[in-house]
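Engineer: The following block contains a protein sequence and its predicted model.
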Amino acid sequence: MTLRSYLWGMRVSTVFALAGWALVVLYIDPEKSGAVGQLLFYGSAFLLFAGLSILFFTRLGKKSDGPEEVAVAHIGTSFRQGILLSILVLILLFFQEKGILTWWDGLLVVAGIYG
């Protein structure tokens, strides 16, 4: 798989994740749907944030390192960092939803994920 085809696949997947997240936000009432609605929201948000983060980190690695061969070597790192960043965002969103997010809780989550 070339870098070009990988990036196009990630772009298309991210657009589908954006559409899914938008549909969940627009058409699902969280008070009526309960845990299923929250699971759909967090699942679609995870896919959206992961896709955006992976594309961002891949683009960042491609610009800073130069040749395409080096960017291909860093795809695994970009994928891991994108997944970790989306997990971080979702944990912070969950804490905010429950009303327990404070600045030191946020720092503990960051330290737990990236520490």
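Structural biologist: Okay, I see it.
Engineer: correct me, but Ser44 touches Ile28?
Structural biologist: No: using Cβ atoms under 8 Å, Ser44 is not in contact with Ile28, being 9.9 Å away. Backbone N, C-alpha and C define where each C-beta goes, glycine included.
Engineer: More neighbours: those two, which one.
Structural biologist: Ser44 (21 against 15; other Cβ atoms under 10 Å).
Engineer: In contact with the more buried one, which residues?
Structural biologist: Ala17, Gly20, Trp21, Val24 (Cβ atoms under 8 Å, 6 or more residues apart in numbering).
Engineer: Check the protein for its longest helix and report it.
Structural biologist: Looking across the chain with DSSP state H, the single longest helix is helix 35-65.
Engineer: Run a quick neighbour tally on the nearest residue to Ser53 once chain neighbours are set aside.
Structural biologist: Residue nearest to Ser53 in three dimensions, not counting chain neighbours: Gly82, with 3.5 Å by Cβ to Cβ, 6 or more residues apart in numbering. Gly82: 21 surrounding residues under other Cβ under 10 Å.
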